[in-house]
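In: Build the 3D model from these lines:
(one chain, ligands or ions: 1)
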Amino acid sequence: MSTSVAVEIGSVYWALDGGIHHASCGQRMVLRARHPDELVFACVACSESVAVPVSVLSRIPVAT
Ligand SMILES: [Zn+2]
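Out: As a prediction, the model looks like this:
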């Protein structure tokens, strides 16, 4: 069983600096693992991991 939290649109967003940010705490996330069909990001602030399917990447909202 994976400990990652399946991404829901809105749980992460692209910031203007080009990085993925964690919507619940607003901190930058770092790429922790790269799989053929998903990327796993870890939040630097709360250590939560979010698995983002590649198919969802283009639908992640961009912060304005
Ligand atoms: Zn966080």
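
In: can we go C-alpha only for contacts and neighbour counts from here?
Out: Will do.

In: At the contact with the ion, which residues of the chain appear?
Out: Residues of the chain that fall close to the ion, judged by C-alpha under 5 Å from the ion: 25, 43, 46.

In: between these, which has the most around it?
Out: When those are compared by neighbour count (other C-alpha atoms under 10 Å), residue 43 ends up highest, at 20 neighbours.

In: Could you pull up the residues touching the closest residue to that one other than its chain neighbours?
Out: Nearest residue to residue 43, sequence neighbours excluded (C-alpha to C-alpha, 6 or more residues apart in numbering): residue 29, at 4.2 Å. The contact partners of residue 29, by C-alpha atoms under 8 Å, 6 or more residues apart in numbering, come to 19-22, 41-44.

In: mind redoing it with 6 Å?
Out: 20-21, 41-44 (C-alpha atoms under 6 Å, 6 or more residues apart in numbering).

In: any idea how far residue 44 lies from residue 57?
Out: 20 Å (C-alpha to C-alpha, to the nearest Å).

In: coming back round to it: which of the contacts of residue 29 sits closest to residue 52?
Out: residue 41 (7.5 Å; C-alpha to C-alpha).
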